[in-house]
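In: quick one: sequence plus predicted model below, questions after.
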Amino acid sequence: MKQDIRILAIESSCDETSAAICENGKILSNYIAGQAVHEQYGGVVPELASRAHMQNIVPVVHAALQAAGKQLTDMDAIAFTQAPGLIGSLLVGGQFAKSLALALDKPLIAVHHMQAHVLANLIEDPQPEFPFLCLTVSGGHTQIVLAHSPLHLEVLGETIDDAAGEAFDKTAKLLGLPYPGGPLVDKYAQTGNPKAFTFAEPQIPELNFSFSGLKTSVLYFLQAQTKANPQFVSENVADLCASVQHTIINILLKKVKKAVQQTGIKRICIAGGVSANSGLRNRLKEMGEQQGWQTFIPSFQYCTDNAGMIAITAYHQYLGGKFVTLDVGPSARSEW
């Protein structure tokens, strides 16, 4: 095995173009370019996202290499996000990575985006020992994952309809907050009363989730209240955000507690864009102290979509000899 292993990783699954450099399991740089173009549409427009990736990918890779003090010729492998995500976005990152691998004659590593979110917990110290449980929450996914090892991850439960991130974004839209709404719900919730209003918590078997009922509950509640008082939302926005956020976090952490009871594993991580939510981070810490868990929470830069998590996952795949050929294609689906 080569003594020093350096990997260039590219993430382009949605609307962030990101590149990172990993050396022997340490992230040297993690550069992310967002796409403000989607704000005026209230959500990500796939065609515009693809075009923005094409504009951003060369300068982003250059910036990551420069920040790490490395050259392309220093790399031992090229990694990219292969699934899941927007097909057009995945294609840009994938084709760029393949071109680099071919031109440099370096091995190619395809990374699963959701597995990478889980392994983001291995980037910084302290790191969880295996096995551990990870609550992965993002705009498109909500899962409880049992991590047996870096290359053996098992989904114990997942959403049967909408994701937690969608519930945050839908709530923000109903409240008239601009896109992206999830962080704004979190911001307003910090000054609101989390018990001001009560919303439905679905009773879903085992370790699966559902958030469609909560979204409907919020919608009907707001329709009824604004009919009686057109100023209801503007007068109660902080309490509404706090109450919805409290409900979402309750749903998530009840399932985590159940997973701990079923598996006996008390090392708990969170991952995904929604793990940047301050309410979730604080509640997990509190529950961990109450239940005697070890809790691990990534830095904000490793919660949202980023190439650092792709790089750390690729590093472990490199060690395990998991490489792909140039004919591997992107996939919008999330099967592991």
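Out: Arrived safely.
In: domain map for the protein?
Out: Domain segmentation of the chain under automatic domain parsing yields 6-119+303-319, 129-297.
In: highest average neighbour count across the ones you listed?
Out: Of all the domains of the chain, domain 6-119+303-319 has the most neighbours on average by mean count of other C-beta atoms under 10 Å, namely a mean of 21. (Glycine included, C-beta is placed from N, CA and C.)
In: gap between that domain and the chain center?
Out: Put simply, domain 6-119+303-319 sits 14 Å off its chain's centre (C-alpha atoms, centre = their mean, to the nearest Å).
In: packing partners for the helix or strand harbouring Tyr220?
Out: Element membership for Tyr220, per DSSP states H and E: helix 212-228. If you count contacts as 3 or more C-beta pairs under 8 Å, 6 or more residues apart in numbering; DSSP states H and E, helix 212-228 packs onto helix 164-174, helix 232-263.
In: what do you get if the cut-off is 6 Å, keeping everything else the same?
Out: If contacts are counted by 3 or more C-beta pairs under 6 Å, 6 or more residues apart in numbering; DSSP states H and E, helix 212-228 sits against helix 164-174.
In: quick one: average pLDDT of the helix it packs on?
Out: Helix 164-174 carries an average pLDDT of 94.
In: that one vs helix 212-228, what angle?
Out: Taking axes from the mean of the first three to the mean of the last three C-alpha atoms, to 10 degrees, helix 164-174 and helix 212-228 form an angle of 10 degrees between their directions.
In: immediately after helix 164-174, which helix or strand?
Out: helix 182-189.
In: hang on, the earlier thing: and for the helix holding Tyr220, what are the contacting residues?
Out: Helix 212-228 is contacted by residues Asp161, Asp162, Ala167, Lys170, Thr171, Leu174, Phe199, Ala200, Pro202, Phe232 when judged by C-beta atoms under 6 Å, 6 or more residues apart in numbering.
In: residues in contact with the third one?
Out: Listed by C-beta under 6 Å, 6+ apart, the contact partners of Ala167 are Phe211, Leu214, Lys215, Ile248.
In: from those residues, which two are the most distant?
Out: Lys215 and Ile248 (10.3 Å; C-beta to C-beta).
In: coming back round to it: of the domains of the chain, which is nearest Ala332?
Out: Taking the domains of the chain one by one with C-beta to C-beta, domain 6-119+303-319 is closest: 5.3 Å.
In: state the mean pLDDT of that closest one.
Out: Rounded mean pLDDT across domain 6-119+303-319 is 95.
In: what is the end-to-end distance of it?
Out: 12 Å (C-alpha to C-alpha, to the nearest Å).
In: can you start the count at 524 instead of 1 from here on
Out: With 524 as the first residue, the last one maps to domain 529-642+826-842.
In: name the SS class of the closest residue to Asp762 other than its chain neighbours, please.
Out: Closest residue in space to Asp762, ignoring its immediate chain neighbours: Ala719 at 3.7 Å, by C-beta to C-beta, 6 or more residues apart in numbering. With DSSP: H, G, I helix; E, B strand; the rest coil as the basis, Ala719 sits in coil.
In: CSV for the domains of the chain, including distance to Trp859?
Out: Shown next, in CSV, are the domains of the chain (distance: least, C-beta to C-beta, whole Å):
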stretch, distance to Trp859
domain 529-642+826-842, 6
domain 652-820, 7
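In: circling back to that earlier point, mind checking how far the helix holding Tyr743 is from the chain centre?
Out: On C-alpha atoms, centre = their mean, the centre of helix 735-751 falls 28 Å from that of its chain.
In: just the CA coordinates of that helix, formatted as PDB?
Out: What follows is helix 735-751, C-alpha atoms only, in PDB (Å, rounded to 0.1, in the frame of the first residue of the first chain):
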ATOM      1  CA  SER A 735     -46.400  14.200   5.100                       C
ATOM      2  CA  GLY A 736     -49.000  14.200   7.900                       C
ATOM      3  CA  LEU A 737     -47.200  16.900   9.700                       C
ATOM      4  CA  LYS A 738     -47.000  19.100   6.600                       C
ATOM      5  CA  THR A 739     -50.800  18.700   6.100                       C
ATOM      6  CA  SER A 740     -51.400  19.500   9.800                       C
ATOM      7  CA  VAL A 741     -49.500  22.700   9.600                       C
ATOM      8  CA  LEU A 742     -51.300  23.700   6.300                       C
ATOM      9  CA  TYR A 743     -54.800  23.100   7.700                       C
ATOM     10  CA  PHE A 744     -53.900  24.900  11.000                       C
ATOM     11  CA  LEU A 745     -52.600  28.000   9.200                       C
ATOM     12  CA  GLN A 746     -55.600  28.100   6.900                       C
ATOM     13  CA  ALA A 747     -58.000  28.000   9.800                       C
ATOM     14  CA  GLN A 748     -56.100  30.600  11.800                       C
ATOM     15  CA  THR A 749     -55.600  33.100   9.000                       C
ATOM     16  CA  LYS A 750     -59.200  32.900   8.000                       C
ATOM     17  CA  ALA A 751     -60.100  34.100  11.500                       C
END
